[in-house]
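**Q** for reference, the sequence and a predicted model appear below.
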Amino acid sequence: MELEDIVSQVVELANSFEQKIPVIAAGGIFDGGDIAKFLKLGASGVQMATRFVCTEECDAHINFKQAYINAKEGDITIIKSPVGLPGRVINSPFVEKIKQGLTVPFKCSYKCLKTCDTEKAPYCIAKVLSNASNGKLDQSFVFAGSNAYKCKEIISVKALVENLKNELSSALNSIPAMN
């Protein structure tokens with residue numbers, strides 16, 4: 001099921017109540033055209049994350065940001081975390097090793113997640129996240145949204161928001177209502 005279908009169904013359900021319930025669309029929203037599409041479907045707003053990684057104000061390591069900029073469309077893949085949850089990442093030699101079942105030996109010093117079975121886990125998620133934070137991408141994952149490959153430059157939040165506003169304005173004037 002596509003996000004558009006899910007949002008339409010949730011908006012329909014939310015509108016069936018007397019009290020106004022805001023619906024926020026999230027997942028794969030990248031530009032003003034995407035924002036316009038979901039607003040026209042009845043969403044009250046959208047949540048965006050990926051776009052803000054490649055901003056000057058984001059405190060992610062420059063290597064992490066550069067991985068987004070260097071990514072190609074086919075580079076985004078899904079992995080399974082040590083606690084069984086899926087995660088979307090940019091493919092890399094480290095990701096491939098984990099997908100092939102190779103493990104990164106570790107001694108758990110964090111004990112951060114009850115559901116993490118340190119005897120069976122192929123890697124320590126806390127250590128991998130710490131490595132990503134420190135720009136050690138050869139020993140970590142670059143978690144990313146489905147459209148991370150569309151990021152092409154590092155800009156200020158102000159410039160990003162201005163771009164989004166301009167794209168939104170243009171799209172709202174050109175997209176027919178979808179209700």
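**A** Here it is on my side, so go on. Quick caveat, the model's predicted, so the values are computed rather than measured.
**Q** okay, CA-based contacts and neighbour counts for the rest of this
**A** Fine.
**Q** which stretches of the protein form helices?
**A** The residue ranges that make up the helices of the chain, judged by DSSP state H, are 3-15, 32-40, 50-53, 62-70, 93-99, 125-133, 157-174.
**Q** need those in JSON lines with mean pLDDT, distance to residue 117 and mean neighbour count, can you?
**A** Listed next are those as JSON lines, based on pLDDT from 0 to 100; distance: least, Cα to Cα, whole Å; neighbours: other Cα atoms under 10 Å:
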{"stretch": "helix 3-15", "mean pLDDT": "96", "distance to residue 117": "33", "mean neighbour count": "15"}
{"stretch": "helix 32-40", "mean pLDDT": "97", "distance to residue 117": "39", "mean neighbour count": "21"}
{"stretch": "helix 50-53", "mean pLDDT": "96", "distance to residue 117": "30", "mean neighbour count": "22"}
{"stretch": "helix 62-70", "mean pLDDT": "98", "distance to residue 117": "28", "mean neighbour count": "20"}
{"stretch": "helix 93-99", "mean pLDDT": "91", "distance to residue 117": "16", "mean neighbour count": "15"}
{"stretch": "helix 125-133", "mean pLDDT": "90", "distance to residue 117": "11", "mean neighbour count": "18"}
{"stretch": "helix 157-174", "mean pLDDT": "96", "distance to residue 117": "39", "mean neighbour count": "15"}
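**Q** any chance of these in JSON lines, with distance to residue 115 too?
**A** Formatted as JSON lines, the entries for those read as follows, by distance: least, Cα to Cα, whole Å:
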{"stretch": "helix 3-15", "distance to residue 115": "29"}
{"stretch": "helix 32-40", "distance to residue 115": "36"}
{"stretch": "helix 50-53", "distance to residue 115": "27"}
{"stretch": "helix 62-70", "distance to residue 115": "27"}
{"stretch": "helix 93-99", "distance to residue 115": "19"}
{"stretch": "helix 125-133", "distance to residue 115": "12"}
{"stretch": "helix 157-174", "distance to residue 115": "37"}
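**Q** starting at the chain centroid, how far to stretch 122-136?
**A** In terms of Cα atoms, centre = their mean, to the nearest Å, the gap separating the centre of stretch 122-136 from the centre of its chain is 17 Å.
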